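Predicted model follows, preceded by the sequence.
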Amino acid sequence: MSEDPSLGPAQRFEQMEGPPAHRLYRQMRLIRCFEDKLLERFEAGDVAGTTHACIGQEADAVGVINHLQRGDVVFSNHRCHGHFLVYSDRPELLAAEVMGRDTGLVQGRGGSQHICWEDFYSNGIQGGIVPVTVGMGLAEKVQNTDAIAVAFLGDGTFGEGAVYEALNMASLWSAPVLFVVENNRWAQSTPVELELAGDFVDRARAFDIEAGQIESTDAEELYEYFGPILESVRAEGRPRMEVIHTYRLCHHSKSDDKRPRQEVEEKKKDDPLPKMRRRLDDEAARRIDAEVAARIDGAFRWASQQPFADPMSIVDPLMERAPQ
Amino acid sequence: MTHTVLKSLNQSLHDMMDADERVLVLGEDLLDPYGGAFKVTRGLSERFPDRVWTTPISEAGFVGVASGMAMRGLRPVVEIMFGDFLLLAADQLVNHAAKFRWMYGDKVDVPLVVRAPMGGRRGYGPTHSQTLEKHFLGVPGLVVVAVNPLVEPGAMLRAATLDDVRPLIFVENKLMYARRVRTPIEGRLGAMRARQQGEPYPTTTLSFADVPASDVTIVAYGGMVEIALEAAETLLIEDEIYCEVCAPTALHPLDIDPIADSVGRTGRLVVCEEASAAAGFGAEVISAVSGRAFDALECAPRRVASRPVPIANAPTMEEAILPQVADILEAVRGSVGRWRASRSA
């Protein structure tokens, strides 16, 4: 696992050992293992606040982000751990952040859902990140870089007006942006049938944005699917929307799951991890599991040894950045 | 020195776009020949067609787009057609642009300028006449400045755009566009002594020359500055009350020093604003002055503000609702009168 920040996600993915199935499994295992460990820490009471896990949705992160080049922008949302871990391969920095440590991604200021590292950003407000991402993509285009931007949205986010303002402008101004919609079928405790009229794809097409959808928790399938899509956004310099119909196997945040147990149990059959693990020979799978578990243990051990975020470091940013 | 506020702002945008390719202008109805609702952007789209983006009516959306641009190397200047519409972009300003730098561990800057024409007295009625910047004062990470004709508005806009990397609301006043810029020359403005402190968003302090001590400090910003100056002249002529007028341009963070210093000299304070009073700019000024110059205060500070109702369309009503010269006269006379009464007692 390289820690060379000059590598983009796609390059790092290429340099990982083993065939693609092994790499995808290893990355998803890292996300799952990280979040399992994190939730364990919450349960134990040694992490403050809240967090939104993406258990069940790991295949989306590996399917999309492994195609990004250095300089490409990712803007994620409250459920950002999977996206970040594939983007960065730096679980220890996220662990330190969530645990409120000074050496966390943003010095303990953001926590689980407000992080920034290189060209990766996330914010905890629904919808607002979408116009910001469009602006980022447009800035890259205006400055003639080859970079594109990816925004991650959930099904619930489609209730926000800012999304449609952003889609309209992205299309009018040909922003090189991919909108990835992770339809996990539940907005907190509200099923998608109660929050969405019509269809995601139709909404994008109404803005003359090319759009598609895939129902899958299969990491290899999603990885294959998104390769040409990201290339087309880059080549054509046009926005595009892709909906991944998936499922959140965990609670919305920590222990707040009141969904029908039968439905959740049924969906566990589509859990992306065993699905991919079955394609690995047993020895390789066990080796990866052990390596990842050790790595995550190490990441949390490192994080827990870091100094707590330092209140003495608080400075008014308006004073700090006042023009001289 | 005979150009208008409008010309100053327009020329500044032309010069900046000419000098710096990072500068983009976004907003509604900006394209020539229309050139923006108040013509601040006139001529820009003809000269710089690729960098003037006329937008759909999507304030939240295009302020968000501009934030994203600012974080990735550009210097966008956004025009909100009427400042009233700034509320539509509140989430982008408060929960996104203002937070990004600190929340992201100082890794980013958001050099975003959002220009907002505020103010009434033009008969535009309840939703096109407001002075709403008070709702954005005190937001951590968000600068609010307001120009007036005593500073060069274009120079301030240039500093906000090119020298300031903080997200910033740039308040203009609709009536002011047609006014002449009249910056102090050699420390004087007409019959008054003038001192400007604080760069790049100065506070102008005006006092009558050859007066041993002024009686009252009047604080006014933006569109209230000229009204305060008119009141100060009337008070001199009719009442022989000597006023110092403090006209800050930095509303948040507020540079309290020139105001506190003035109150230190006068002992009395009247704060004017065109918005309604409750939880407004004046409250913050009085609080800050109390912290800095409490002992100097000889009487309770007074406030001049609009009445707490929507701004009516009918001229008779609008005039009654918005603060006028007469309101400042009454506040100053009341403040000084009470002092004089107590002295003679």
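In hand now; what should we look at?

Spell out for me which residue occupies the centre of chain B.
In chain B, the centroid-proximal residue (CA atoms, centre = their mean) is B:Ala146; its distance is 2.2 Å.

I'd like to know how far it sits from B:Met118.
8 Å (CB to CB, to the nearest Å). Quick note: C-beta positions are derived from backbone N, CA and C, even for glycine.

list the residues that contact both of the two?
Listed as contacting both B:Ala146 and B:Met118 by CB atoms under 8 Å, 6 or more residues apart in numbering or on different chains are B:133, B:171-173, B:222.

Does the host helix or strand of A:Arg203 reach chain B?
Using DSSP states H and E, the element containing A:Arg203 is helix A:200-206. No. Legend: contact between helix A:200-206 and chain B by CB under 8 Å from any CB of the partner chain is lacking; minimum distance shown is 14.0 Å.

Show me what counts as buried in that helix.
Applying a neighbour-count criterion of 16 or more other CB atoms under 10 Å in any protein chain shown, the buried positions in helix A:200-206 are A:200-201, A:203-204.

With stretch A:293-312 instead?
The neighbour-count check on stretch A:293-312 (16+ other CB under 10 Å) flags A:295-296, A:299-300, A:302-303, A:306, A:309 as buried.

cool, and stretch A:96-107?
A:96-101, A:103-107.

Let's test this: mean pLDDT of it, rounded?
Per-region confidence: stretch A:96-107 scores 97 on mean pLDDT.

Is it correct that B:Leu206 falls within a strand?
Yes. Assessed by DSSP: H, G, I helix; E, B strand; the rest coil, B:Leu206 belongs to a strand.

I'd assumed B:Ala191 was in contact with it.
No. At 9.7 Å, B:Leu206 does not count as touching B:Ala191 under the criterion of CB atoms under 8 Å.

Pop the domain breakdown of chain B in here.
Listed by automatic domain parsing, the domain ranges of chain B are B:5-178, B:188-344.

Tell me how far the longest one lies from the chain's centre.
So that's domain B:5-178. How far domain B:5-178 lies from its chain's middle: 13 Å, per CA atoms, centre = their mean, to the nearest Å.

can you check stretch A:111-127 too?
Distance of stretch A:111-127 from the chain centroid (CA atoms, centre = their mean) equals 10 Å.

tell me the mean pLDDT over that stretch?
Averaged across stretch A:111-127, the pLDDT comes to 96.

measure it end to end?
Length of stretch A:111-127, first residue to last, CA to CA, to the nearest Å: 19 Å.

Pull out the buried positions in that stretch.
So for stretch A:111-127, counting by 16+ other CB under 10 Å, buried means A:111-127.

Equivalent analysis for stretch A:40-60, please.
So for stretch A:40-60, counting by 16+ other CB under 10 Å, buried means A:41-42, A:47, A:51-60.

and what of stretch A:265-273?
A:267, A:270-273.

Over to that stretch now: how far is its first residue from its last?
OK, stretch A:265-273 end separation, CA to CA: 15 Å.

Report the contact partners of residue 257.
Picked chain A for this. Contacts of A:Asp257 (CB under 8 Å, 6+ apart): A:250-251, A:264.

wrong one, I was asking about chain B
B:Asp257 makes contact with B:197-198, B:292 under the criterion CB under 8 Å, 6+ apart.

Of these, which is the nearest to B:Val108?
Checking the contacts of B:Asp257 against B:Val108 by CB to CB gives B:Gly198 as the nearest, at 26.4 Å.

I'd like to know how many residues surround the closest one.
B:Gly198: 14 surrounding residues under other CB atoms under 10 Å in any protein chain shown.

That one: what's it in contact with?
So B:Gly198 contacts B:250, B:255, B:257-258 (CB under 8 Å, 6+ apart).
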